[in-house]
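Colleague: Sequence first, predicted model second:
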Amino acid sequence: MIEEKIKELGFEVPEVAKPLAAYIPAKRVGNLVMTSGQVPLVKGELKYAGKIGVELSEEEGQKAAEICALNCLAAIKGVIGNLDKIEEIVKLTVFVNNKDGFTAQPKVANGASELIGKIFGEKGLHARSAVGVSGLPINAPVEIEMIVKVNE
Amino acid sequence: MIEEKIKELGFEVPEVAKPLAAYIPAKRVGNLVMTSGQVPLVKGELKYAGKIGVELSEEEGQKAAEICALNCLAAIKGVIGNLDKIEEIVKLTVFVNNKDGFTAQPKVANGASELIGKIFGEKGLHARSAVGVSGLPINAPVEIEMIVKVNE
Amino acid sequence: MIEEKIKELGFEVPEVAKPLAAYIPAKRVGNLVMTSGQVPLVKGELKYAGKIGVELSEEEGQKAAEICALNCLAAIKGVIGNLDKIEEIVKLTVFVNNKDGFTAQPKVANGASELIGKIFGEKGLHARSAVGVSGLPINAPVEIEMIVKVNE
């Protein structure tokens, strides 16, 4: 059902992105699943590259954040098999690769938070931190990690 | 009792700050409560703005960190109703908006850690990370997220 | 056994590093232990200092990340007494102090992830985020925090 909802919204859950290095896409501990930081890779290619406020606009940052959120869901699906097992979205941490002094991280991060809201409704209400960083892997504009609670 | 202690120290637990975007101030999962990143808003206005080492001194950063910590407690109170239910402070993550190359994040973060220590005593002993970032929402100098354990 | 394995690999678990400020090296909550951010201190002295891409190479960053990982293990040992009680490594968050626009955080972070893999094998498979920051405490090139699950 969650995957159908995602399709209705015009998106899809991708294949889980191959980690960029010596780690795994997500890890379950008890009834929590914590993802690794996900960047906006689509079929192995970075869909958006560069810094928000330099090469990319805030709107492009939002689109990148949407992709990161979908990649988080893909990573979680890889661990639990079926996204319907997600009981609640707990937390997003959003790292925005921005020009020094940029202040619109919440707007960029909303690309992820609003999509999660549309997909999960009440279950999608999450805590969130959004901060600006001085560089991200493979020049990604956004990196997002997600914690969810699963119902067995 | 915790709120009385906070008043004795000359502070108060504010109304919970309205999130800057599409998320909630804190989320409970099991007996943990995780806050969203809190910035030094007082009654909806940023009390300190700008970068530590540029517009603001380290001492002003400490004051800002105190406010962030109180806003974390406000967010937690919004979820559990009464701060006396906090069994332990588990972790603070402190993001300092600083001039590139700044190295005194621990001093700034102590504004939060020391206040937590005064309020909670032994129960307030927490793990902590403090890092320098290249920008924060609405030009906040500090953003703090907190994890606490509650005793139902 | 874990400590023997670490010695076989040519490393050792140091004395737990004294926190730089008003917090503790690691905190247990349920069967999780969360460390504070650890920097590459060796016997109280920073082994590597400065920014990756400025004063330090990526390879030096990897060496620094190894030391951070060992300091995380030392912090955990301080809480649980014996590293053999670690059931799984859950998550690493790796903050790299780099030149603005640096993109090889995964390579630097692999210094930690690969060492954890050698020490813990299958139990060491962890989620990870790696991001670039604009400054770290005492001018450390890398700061790492670790979450592990312990089997009582």
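Modeller: Yep, that arrived. The structure displayed is predicted, hence computed values, not measured ones. Numbers count the residues shown, from 1 in each chain, chains lettered A, B, ... in the order given.
Colleague: mind listing what residue A:97 touches?
Modeller: Taking CB atoms under 8 Å, 6 or more residues apart in numbering or on different chains as the criterion, residue A:97 is in contact with A:50-52, A:132-136, A:139-143, C:132. Where C-beta positions appear, they are placed from N, C-alpha and C, glycine not excepted.
Colleague: next one: phi and psi at it?
Modeller: Per-residue torsions, residue A:97: phi -80, psi 100 (degrees, to the nearest 10).
Colleague: Would you mind measuring from it to residue C:13?
Modeller: 35 Å (CB to CB, to the nearest Å).
Colleague: Please save the CA atoms from stretch A:144-152 in PDB.
Modeller: Output of stretch A:144-152 as PDB, limited to C-alpha atoms (Å, rounded to 0.1, in the frame of the first residue of the first chain):
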ATOM      1  CA  ILE A 144      19.700  12.600   4.400                       C
ATOM      2  CA  GLU A 145      19.600   9.900   7.000                       C
ATOM      3  CA  MET A 146      16.300   8.500   8.400                       C
ATOM      4  CA  ILE A 147      15.200   6.600  11.500                       C
ATOM      5  CA  VAL A 148      11.900   4.700  11.400                       C
ATOM      6  CA  LYS A 149      10.100   2.400  13.700                       C
ATOM      7  CA  VAL A 150       8.800  -0.900  12.300                       C
ATOM      8  CA  ASN A 151       6.000  -3.100  13.600                       C
ATOM      9  CA  GLU A 152       7.900  -6.300  13.600                       C
END
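Colleague: Can you pull the residues of chain A lying near chain B?
Modeller: Within chain A, the positions adjacent to chain B are A:30-32, A:88, A:90-92, A:96, A:98-107, A:109-110, A:113-114, A:117, A:125-134, A:147, A:149 by CB under 8 Å from any CB of the partner chain.
Colleague: which among these are in contact with chain C?
Modeller: The residues of these that also fall near chain C, by CB under 8 Å from any CB, are A:30, A:100, A:133-134.
Colleague: Mind checking which of these are buried?
Modeller: A:100, A:133-134 (16 or more other CB atoms under 10 Å in any protein chain shown).
Colleague: min pLDDT across the residues you listed, which one?
Modeller: Ranked by pLDDT, those bottom out at residue A:100 (93).
Colleague: need the contact list for the nearest residue to residue A:50 once chain neighbours are set aside.
Modeller: Nearest residue to residue A:50 in three dimensions, chain neighbours excluded: residue A:56, at 5.2 Å (CB to CB, 6 or more residues apart in numbering or on different chains). By CB under 8 Å, 6+ apart, residue A:56 lies in contact with A:48-50, A:64, A:141.
Colleague: ok so, going back, can you lay out the contacts of residue A:97 as JSON lines showing secondary structure?
Modeller: Converted to JSON lines, those look like this (DSSP: H, G, I helix; E, B strand; the rest coil):
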{"residue": "A:50", "secondary structure": "coil"}
{"residue": "A:51", "secondary structure": "coil"}
{"residue": "A:52", "secondary structure": "strand"}
{"residue": "A:132", "secondary structure": "strand"}
{"residue": "A:133", "secondary structure": "strand"}
{"residue": "A:134", "secondary structure": "coil"}
{"residue": "A:135", "secondary structure": "strand"}
{"residue": "A:136", "secondary structure": "coil"}
{"residue": "A:139", "secondary structure": "helix"}
{"residue": "A:140", "secondary structure": "coil"}
{"residue": "A:141", "secondary structure": "coil"}
{"residue": "A:142", "secondary structure": "strand"}
{"residue": "A:143", "secondary structure": "strand"}
{"residue": "C:132", "secondary structure": "strand"}
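Colleague: now residue A:78: how far from chain C?
Modeller: 11 Å (CB to the nearest CB, to the nearest Å).
Colleague: Spatially, what comes nearest to that residue if we skip its sequence neighbours?
Modeller: residue A:16 (4.2 Å).
Colleague: list the contacts for the one you found?
Modeller: If a contact means CB under 8 Å, 6+ apart, then residue A:16 has A:25, A:71, A:74-75, A:77-78 as its contacts.
Colleague: same question, residue A:113
Modeller: Residue A:113 sits next to A:92, A:126, A:128, B:21-23 when contact means CB under 8 Å, 6+ apart.
Colleague: now with 10 Å?
Modeller: Residue A:113 makes contact with A:65, A:69, A:89, A:92, A:94, A:106, A:124-126, A:128, A:130, A:144, B:19, B:21-24, according to CB atoms under 10 Å, 6 or more residues apart in numbering or on different chains.
Colleague: What's opposite residue A:27 in the beta bridge?
Modeller: residue A:34 (DSSP bridges).
Colleague: Show the pLDDT at it.
Modeller: pLDDT at residue A:27 comes out at 97.
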